[in-house]
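J.: coords below, sequence missing:
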């Protein structure tokens, strides 16, 4: 997907479906997280590195736009990019893609906090640099 | 909560928490749905009435803004209001409130579809009228 | 339900359903937990009291027998009783009941562990006594 | 794993964890299902083939024995085998394995039902034969 350096692979589980026969909307936010975790692993030493430094990343905002439903056993790509890193915040964009068809897109905003107090802390420079190293959209 | 005619009661389950010790962000969208279902029951004869008429409501857009975490066993109010009903679409606003503190807010946009084809269908008038009967924000 | 001193109220959420149109089997274990947490609150000062003492309770075994499906919006009672407390272990039995019809039953076995090390620790006497105070089956 | 012809790969998601810092027990039943679905795909033409024939498979019984916790980002193998096929029922056994350490084991019993009525129906012969073709434990 143009502008997206990375994608995670998701296969829709039966437990993800609901009585409408489609993947329940709440799962997309879990898939976004899966993509984010794999993105961090690829470009920033993994989420565990944050935790090892006493930092947690909190989700501050979540958005999804559902265009077309996903079904049981669908193979999806969750494209992800890190869009901006400012102060204690960074943002991920996502596209949910089934064989080239965009089923949904979305974004999340994150802040880093001290793992013990859950109070906002400045995003460490190594993290900002790592996240942006993946290439951000122009 | 001013401007919100209705609230659902939620108690944070242990299964809702994650390794950060807070309620995982994906649950808020499930709580929004719980509030929506109870809202429909109160004002529009229940979600089952839609299904009985061969209509499903799909989530088209979801948004949440997380201000402060919710913890295991917290008692929450999920305030809901139906903000606008136009054509095949309607929108719900939500506030997640713990004892007067706003932990999060959000909104969802919905469209009605034919239950068999999942194709967009006009929102039936009885539904629009029922949803708005709860009082919409001025 | 005879022999069960306690029941938690559950309403099946839309997110609990799957593409078979019934509540997904994994939810029953979450409902068991909800009943357990409310049981602990009623008879043993709440799960938080355990955590305050540096103790966690781990699930060691889970069992469910599904007799008849639960559907969206069903109102269920999750009857619970604490069946036995031995050494570091205790057991809960459950019955999932919809208007007098038993939809499922099950049980879980638990052990207490040190919250930091997650190593087994003897169940504190106050906890054993509290759990049994609810009345155990003869 | 000896006696197990098949394993599915699972990576523990952050959303799977709970406030104890471990994967919540309800997820194991979802992982069992993931393994079952992949097993059916490998040996029996996929779960969709059942659905195409107007058959659903219901979970009748679920059991898990938790020996050691799984943590965020753990890579797990969910070994599965189909243990017995009798009348309208079949059974899967599972082992949850992290790098050779058995974290949990479990089993589920299933019955085939008519997709419309959800009433028990005999397991089709092609399904029994396919499931057993994987090799069952002696």
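T.: Looks like it arrived, so ask away. Just so it is clear, the structure is predicted and the values come from calculations on it, not from any experiment.

J.: phi, psi of the residue sitting furthest away from the middle of chain A?
T.: With distances taken as CA atoms, centre = their mean, the residue sitting farthest from the centre of chain A turns out to be residue A:19, at 26.3 Å. In terms of degrees, to the nearest 10, the main-chain angles of residue A:19 are phi -70, psi -10.

J.: show me what contacts it?
T.: Applying CB atoms under 8 Å, 6 or more residues apart in numbering or on different chains, one finds that residue A:19 lies in contact with C:14, C:17, C:18, C:19, C:21, C:22, C:72. Glycine gets a C-beta too; all of them are placed from N, C-alpha and C.

J.: one more time with 7 Å, if that's ok
T.: Shown in contact with residue A:19 (CB atoms under 7 Å, 6 or more residues apart in numbering or on different chains): C:14, C:17, C:21, C:72.

J.: tell me where the model's unsure across chain A.
T.: A:84-87, A:135-138 (pLDDT under 70).

J.: and the longest helix seen in it, does that touch chain B?
T.: Across chain A, the longest stretch assigned as helix under DSSP state H is helix A:26-44. Yes. Helix A:26-44 is in contact with chain B by CB under 7 Å from any CB of the partner chain, via A:26, A:29, A:30.

J.: JSON lines please, covering these and showing neighbour count.
T.: Listed next are these as JSON lines, based on neighbours: other CB atoms under 10 Å in any protein chain shown:
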{"residue": "A:26", "neighbour count": "24"}
{"residue": "A:29", "neighbour count": "24"}
{"residue": "A:30", "neighbour count": "19"}
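
J.: which among the residues you listed gets closest to residue D:81?
T.: Of all these, residue D:81 sits closest to residue A:30, with 28.7 Å by CB to CB.

J.: follow-up on the earlier one: without its sequence neighbours, what residue ends up closest to the residue farthest from the centre of chain A?
T.: residue C:17 (3.8 Å; CB to CB, 6 or more residues apart in numbering or on different chains).

J.: neighbours of that neighbour, how many?
T.: The number of residues packed near residue C:17 is 24, by other CB atoms under 10 Å in any protein chain shown.

J.: residue A:67 and residue A:29, how far apart?
T.: 16 Å (CB to CB, to the nearest Å).

J.: name the SS class of residue A:4, please.
T.: coil (DSSP: H, G, I helix; E, B strand; the rest coil).

J.: ok, now which ones touch the residue lying closest to it once chain neighbours are set aside?
T.: Using CB to CB, 6+ apart and skipping the chain neighbours, the partner closest in space to residue A:4 is residue A:79 (3.8 Å). Listed by CB under 7 Å, 6+ apart, the contact partners of residue A:79 are A:1, A:4, A:6, A:7, A:94, A:95, A:97.

J.: most neighbours, which of those residues?
T.: residue A:94 (28 neighbours).

J.: can you tell me the helix or strand for that one?
T.: For residue A:94, the host element (DSSP states H and E) is strand A:89-98.

J.: could you check the angle that strand makes with helix A:26-44?
T.: Interaxial angle of strand A:89-98 relative to helix A:26-44 (axes from the mean of the first three to the mean of the last three CA atoms, to 10 degrees): 120 degrees.

J.: could you pull out the helices in chain A for me?
T.: Under DSSP H, chain A gives helices at A:26-44, A:47-52, A:125-133.

J.: okay if I get these as a markdown table plus distance to residue C:108?
T.: Supplementary listing: those in a markdown table, determined by distance: least, CB to CB, whole Å:
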| stretch | distance to residue C:108 |
| --- | --- |
| helix A:26-44 | 25 |
| helix A:47-52 | 30 |
| helix A:125-133 | 40 |
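
J.: and these: which comes nearest residue C:63?
T.: helix A:26-44 (26.8 Å).

J.: what distance separates the closest one from the middle of the whole chain?
T.: Chain-centre distance of helix A:26-44: 4 Å, with CA atoms, centre = their mean, to the nearest Å.

J.: quick one: is it near chain C?
T.: Yes. Residues of helix A:26-44 contacting chain C under CB under 7 Å from any CB: residue A:26.

J.: for that helix, buried residues please.
T.: A:26-40, A:42-44 (16 or more other CB atoms under 10 Å in any protein chain shown).

J.: what does chain A put close to chain C?
T.: Checking chain A against chain C by CB under 7 Å from any CB, the hits are A:14, A:15, A:17, A:18, A:19, A:21, A:24, A:26, A:72.

J.: do you know how far the fifth one is from residue D:116?
T.: Same thing as residue A:19. On the measure of CB to CB, residue A:19 and residue D:116 end up 15 Å apart.

J.: same check on the third one?
T.: Taking CB to CB as the measure, residue A:17 and residue D:116 are separated by 18 Å.

J.: next: the first one.
T.: Using CB to CB, we find residue A:14 at a distance of 19 Å from residue D:116.

J.: which one of those two is surrounded by more residues?
T.: Between residue A:14 and residue D:116, residue A:14 has the larger neighbour count (other CB under 10 Å), namely 18 against 8.

J.: who's in contact with the more buried one?
T.: A:72, C:18, C:19, D:33, D:37.

J.: if I pick residue A:104, what's in contact with it?
T.: Per CB under 7 Å, 6+ apart, neighbours of residue A:104: A:28, A:64, A:65, A:66, A:67, A:96.

J.: the residue nearest to residue A:74 when sequence neighbours are not counted: neighbour count?
T.: Sequence neighbours aside, residue A:12 is the residue nearest to residue A:74 in space, at 4.5 Å (criterion: CB to CB, 6+ apart). Other residues near residue A:12 number 20, with proximity taken as other CB under 10 Å.

J.: just checking, residue A:12 touches residue A:73?
T.: Yes. Assessed by CB atoms under 7 Å, residue A:12 is found in contact with residue A:73 at 5.9 Å.

J.: what parts of chain A come near chain B?
T.: A:20, A:25-26, A:29-30, A:56, A:59-66, A:69, A:118.

J.: let's see that with 8 Å instead.
T.: Taking CB under 8 Å from any CB of the partner chain, the part of chain A that reaches chain B is made up of A:20, A:22, A:25-30, A:33, A:56, A:58-66, A:69, A:118.

J.: just the buried subset of the residues you listed, please.
T.: Judged by 16+ other CB under 10 Å, buried ones among the residues of chain A next to chain B: A:20, A:22, A:25-30, A:33, A:56, A:58-66, A:69.

J.: chain D contacts on chain A?
T.: A:13, A:14, A:15, A:30, A:33, A:34, A:37, A:46, A:47, A:48, A:72, A:73.

J.: let's have the residues you listed in TSV, adding distance to residue D:133.
T.: Below are the residues of chain A next to chain D laid out as TSV (distance: CB to CB, whole Å):
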residue	distance to residue D:133
A:13	25
A:14	22
A:15	26
A:30	34
A:33	38
A:34	33
A:37	37
A:46	40
A:47	41
A:48	41
A:72	24
A:73	21
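
J.: now, among those residues, which is nearest to chain B?
T.: residue A:30 (5.2 Å; CB to the nearest CB).

J.: quick check: the closest one touching residue D:30?
T.: No. Judged on CB atoms under 8 Å, residue A:30 makes no contact with residue D:30 at a distance of 11.5 Å.
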